[in-house]
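> Coordinates for the following, if possible.
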Amino acid sequence: MNELRFEPLSQANWNLFEELFGVKGACGGCWCMHFRLPKQEWEEGKKNNSNREKMHTLVKHEKPTGILALINGKAIAWAALAPREDFSKLSRSRIHKPIDASKVWSIPCTFIHKDYRNQGISVKLLKGVIEHAAKSQINILEAYPVIPSGKLPDAFAWIGLYKSFEKAGFKIVDRRSPNRPMVRYVIK
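Residues are numbered from 1 along each chain as shown. You can find the predicted model right below:
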């Protein structure tokens with residue numbers, strides 16, 4: 001496989017993000033806004049394409065949104081990445097509410113292009129996020145992956161699989177839900 005490169009989403013690579021997410025916005029018009037918006041606003045944004053516009057506005061204002069994985073100038077994967085407080089749904093979550101006052105950056109979702117799934121890209125993507133975090137003086141990464149109890153359809157794997165996070169070095173720090181642990185990677 002050609003060498004992967006990782007870079008934060010920006011105006012300069014927005015078109016690559018759009019190509020990766022396609023007309024469906026990765027999954028049903030989400031455009032990675034599920035954790036950023038109240039449910040009703042997010043649902044409406046799936047119908048009228050405003051989720052895409054809201055993500056683009058964040059990018060235009062140079063807000064942290066996530067990391068793209070690229071091969072030969074083509075985006076093949078994505079990991080949302082921003083300060084935890086940017087993902088308002090997490091503050092309302094019964095199982096993923098903060099466990100302490102640590103300043104963490106969250107990775108609430110990932111997306112791998114269908115042609116690159118089941119090739120270890122998710123682990124490489126997470127390692128790319130860790131590398132970016134270290135360069136950006138981000139000390140703690142946090143995520144909320146799933147531990148499937150059986151075969152999990154790709155459409156439900158967008159929060160990430162625990163085994164990928166484990167292989168990338170993340171450790172479970174909270175287990176209010178047996179199938180949805182909170183994991184962290186501490187950068188020193």
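> switch to C-alpha atoms for all contacts and neighbour counts from now on
Fine.
> which residues of this structure fall in helices?
With helices called from DSSP state H, the chain shows them at 14-21, 39-48, 50-60, 88-91, 121-135, 162-167.
> for these, which one sits closest to I67?
helix 121-135 (6.7 Å; CA to CA).
> Run through who's touching the closest one.
5-7, 67, 69, 77-79, 110, 112, 139, 141, 164-165, 167-168, 185, 187 (CA atoms under 8 Å, 6 or more residues apart in numbering).
> Counting neighbours, which bits of it end up buried?
Using 16 or more other CA atoms under 10 Å as the test for burial, helix 121-135 gives 121-130, 132-133.
> now swap in stretch 32-40 and tell me
32-37.
> how many other residues sit next to I147?
17 (other CA atoms under 10 Å).
> can you check P178 too?
Neighbours of P178 (other CA under 10 Å): 10.
> what sits against the closest residue to it other than its chain neighbours?
Leaving aside its chain neighbours, P178 sits nearest to I147 (7.8 Å; criterion: CA to CA, 6 or more residues apart in numbering). Residues in contact with I147 (CA under 8 Å, 6+ apart) are 161-163, 178-181.
> circling back: nearest to P98, out of the helices of the chain?
Of all the helices of the chain, it is helix 88-91 that lies closest to P98, at 7.3 Å by CA to CA.
> and that closest one, which residues are buried?
By neighbour count on 16+ other CA under 10 Å, the buried set for helix 88-91 is 89-90.
> so where is this structure shaky, pLDDT-wise?
Along the chain, segments meeting pLDDT under 70 span 1, 152-157.
> Recalculate using a threshold of 80.
1-2, 149-158, 188 (pLDDT under 80).
> can you map out the strands along it?
If DSSP state E is used as the criterion, the strands of the chain fall at 5-8, 66-71, 74-80, 82-83, 105-107, 110-112, 140-143, 171-174, 182-186.
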